[in-house]
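Enquirer: using only what follows, build the 3D model:
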Amino acid sequence: MQSALKLTRIQTPKLQKLDIQPRYDSALSEFIAAMGWRELPGELIDVILEDIKGFYNEVTGLYCSRDEFVLNRRRSVIYWIDCYRKNLCSLDTAISMLKLNY
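Expert: Sure, this is the predicted structure:
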């Protein structure tokens, strides 16, 4: 005759989710610092993150763009960041002007 053992409930530890992907990779973080944009709020960086990647890729020689749209967008990014840093506009204004609407 076989008997069953009474098993006690095994306590499992409560695990926290770990964000294993950094917000930006180290090369982009260094590039942001080199541009002097380290003190910019995260919301503004998030809006222009694709532009920063484009700046970085062009500076590192991955490609070169002479497209008029790209050049105008880069001028616009630099202009609105400068306006925000000089307190000529609010953060909300800079973000709303830099959001891409496709």
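Enquirer: ok, residue 98 to residue 58 distance?
Expert: According to CB to CB, to the nearest Å, residue 98 and residue 58 sit 18 Å apart. Yep, even glycine has a C-beta here, placed from its N, CA and C like the rest.
Enquirer: kindly apply the preceding question to residue 40 instead.
Expert: 20 Å.
Enquirer: between those two, who's got more neighbours?
Expert: residue 40 (17 against 14; other CB atoms under 10 Å).
Enquirer: which ones are touching the spatially closest residue to that one that is not a sequence neighbour?
Expert: Using CB to CB, 6 or more residues apart in numbering and skipping the chain neighbours, the partner closest in space to residue 40 is residue 81 (6.9 Å). The neighbours of residue 81, taking CB atoms under 8 Å, 6 or more residues apart in numbering as the test, are 37, 40, 44, 48, 94.
Enquirer: and if we set it to 10 Å?
Expert: 35, 36, 37, 40, 44, 45, 48, 51, 94, 98 (CB atoms under 10 Å, 6 or more residues apart in numbering).
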